[in-house]
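Participant: Got a sequence here, can you model it:
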Amino acid sequence: MPIRRTTAAVLLALAATTACAPRANTTPPPGATPAPTKDPVYEKEIQDWHARRIEKLKSPGNWLSLVGLFWLKEGGNRVGSDERNEIVLPKSAPSEVGTLMLTGGKVSFAAAIGVTPTLNGNPVIRLDRVKTDGEEKPDKIQIGSITFHVIQRGQRVGVRATDTNAPTRKAFTTIETYPVDPKMRIEATWVPFEKAQTIEIATVIPGLTEKYPSHGEAVFTLEGKEHRLRPVVEEESPDLFLIFGDATNGPETYGAGRFVYVKPPQDGKITLDFNKAYNPPCAFTPYATCPLPPDENRLPVRIPAGEKNYKGGHG
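Facilitator: Residues are numbered from 1 along each chain as shown. Here you go, the predicted model:
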């Protein structure tokens with residue numbers, strides 16, 4: 001038989017065999033979890049949100065710029081780069097900038113002789129009362145690249161200092177995140193309290209607590225079990241603030257928990273978008289006073305979504 005005819009016969013036989021062979025079953029077996037469908041629009045929304053978050057962290061005066069936190073004692077508190085001062089600023093500042101006087105919870109400021117710091121771009125020699133961060137438009141005193149302002153936390157009054165040239169700000173690039181997972185955007189049932197409750201929440205500062213109002217709980221199912229989370233209300237935000245911990249804390253995410261903002265409930269439902277979970281300021285600096293997750297908000301399951309631990313963190 002000619003070679004050409006032999007080849008044709010073989011090809012016809014192979015075609016027949018292929019046609020008769022059973023096709024692979026691409027239908028998933030009963031009970032299998034289908035692969036999540038990607039949502040490019042939602043994925044871009046999360047990516048854009050994270051990009052804005054990174055740019056905000058890089059901005060002057062933000063958490064990466066912090067260089068000191070000092071609690072004031074009653075009476076005079078000297079400010080400057082000299083180590084003998086009560087409030088020690090970076091070496092780029094004059095050895096003595098001035099004195100903050102704490103009297104009965106109120107703070108005044110007097111500049112040192114020969115030094116002229118600024119307030120809102122204007123020279124300031126004396127302030128009879130320094131507005132704290134608990135007031136609208138707190139007073140921020142600047143000397144060179146350094147700015148300091150007074151904070152109030154409960155009964156304690158302190159000073160927080162920032163420096164646009166802080167090494168933590170200069171070295172920062174980004175924060176690693178989990179891949180965007182639509183399954184981590186969870187619709188929960190909103191269970192309102194009959195009466196608003198006040199939750200006292202511990203902070204990373206031993207003995208310092210903060211009080212927040214709470215109006216209800218978000219109830220949802222994850223890994224086959226029911227879970228509850230209790231958001232709180234902040235005065236400056238229309239959204240609800242959720243301080244939570246989960247089983248990723250420590251090895252994968254910041255050990256002291258993470259934050260996420262959620263929109264107020266509608267029609268008895270509330271959406272928990274953990275793809276927007278982010279690190280508290282304490283992941284970047286030891287000079288923040290972050291709230292810790294209350295016991296009610298410590299989940300026994302993993303939430304592999306949002307920001308991972310910051311590798312350039314202080315601890």
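
Participant: Touching, Pro117 and Ala111? I think so.
Facilitator: Yes - if you go by C-beta atoms under 8 Å, Pro117 and Ala111 touch, sitting 5.8 Å apart. All C-beta atoms are positioned from the backbone trio N, CA, C, and that covers glycine.

Participant: Residues that sit against both of those two, list them.
Facilitator: 97-98, 124 (C-beta atoms under 8 Å, 6 or more residues apart in numbering).

Participant: now those residues in CSV, with distance to Pro60, neighbour count and secondary structure?
Facilitator: Supplementary listing: the shared contacts of Pro117 and Ala111 in CSV, determined by distance: C-beta to C-beta, whole Å; neighbours: other C-beta atoms under 10 Å; DSSP: H, G, I helix; E, B strand; the rest coil:
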residue, distance to Pro60, neighbour count, secondary structure
Val97, 19, 26, coil
Gly98, 22, 26, strand
Val124, 19, 17, coil
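
Participant: If we only consider the residues you listed, which is nearest to Lys137?
Facilitator: Lowest distance from Lys137 to those (C-beta to C-beta) belongs to Val124, with 14.6 Å.

Participant: does Asn85 really touch Arg78, like I thought?
Facilitator: Yes - using C-beta under 8 Å, Asn85 is in contact with Arg78, at 4.3 Å.

Participant: Would you mind confirming that Phe148 makes contact with Gly80?
Facilitator: No - using C-beta under 8 Å, Phe148 is not in contact with Gly80, being 10.6 Å away.

Participant: any residues in contact with both of the two?
Facilitator: 87, 89.

Participant: Comparing the two, which residue is more hemmed in?
Facilitator: Phe148 (27 against 21; other C-beta atoms under 10 Å).

Participant: List the residues that contact that one.
Facilitator: 68, 79, 87, 89, 140-141, 159-162.

Participant: How about it: which residues does it bridge to?
Facilitator: Beta-bridge partners recorded for Phe148 (DSSP bridges): Ile141, Ala161.

Participant: Could you report the distance from it to Tyr310?
Facilitator: Phe148 sits 25 Å away from Tyr310, going by C-beta to C-beta, to the nearest Å.

Participant: Buried residues in stretch 68-85, which are they?
Facilitator: Neighbour-count burial for stretch 68-85 flags 68-72, 77-81, 85 (criterion: 16 or more other C-beta atoms under 10 Å).

Participant: By residue count, which strand of the protein is the longest?
Facilitator: strand 185-202 (DSSP state E).

Participant: Flag every buried residue along stretch 227-236.
Facilitator: 227, 229-232.

Participant: Val180 touches Glu43, doesn't it?
Facilitator: Yes - the pair Val180 / Glu43 is scored as a contact, 4.7 Å apart, by C-beta under 8 Å.

Participant: which of those two has more neighbours?
Facilitator: Using other C-beta under 10 Å, the more surrounded residue of Val180 and Glu43 is Val180, with 19 against 15.

Participant: just checking, next helix/strand downstream of whichever strand or helix holds Tyr261?
Facilitator: Following DSSP states H and E, one finds Tyr261 within strand 258-262. Moving toward the C-terminus from strand 258-262, the next helix or strand (DSSP H and E) is strand 269-273.

Participant: Number of residues surrounding Gln155?
Facilitator: The burial count for Gln155: 7, using other C-beta under 10 Å.

Participant: dump the residue contacts of it.
Facilitator: Counting by C-beta under 8 Å, 6+ apart, Gln155 has contacts Gly105.

Participant: Spell out the residue ranges of the helices in the stretch 51-200 of the chain.
Facilitator: 167-171 (DSSP state H, counting those that start in this stretch).
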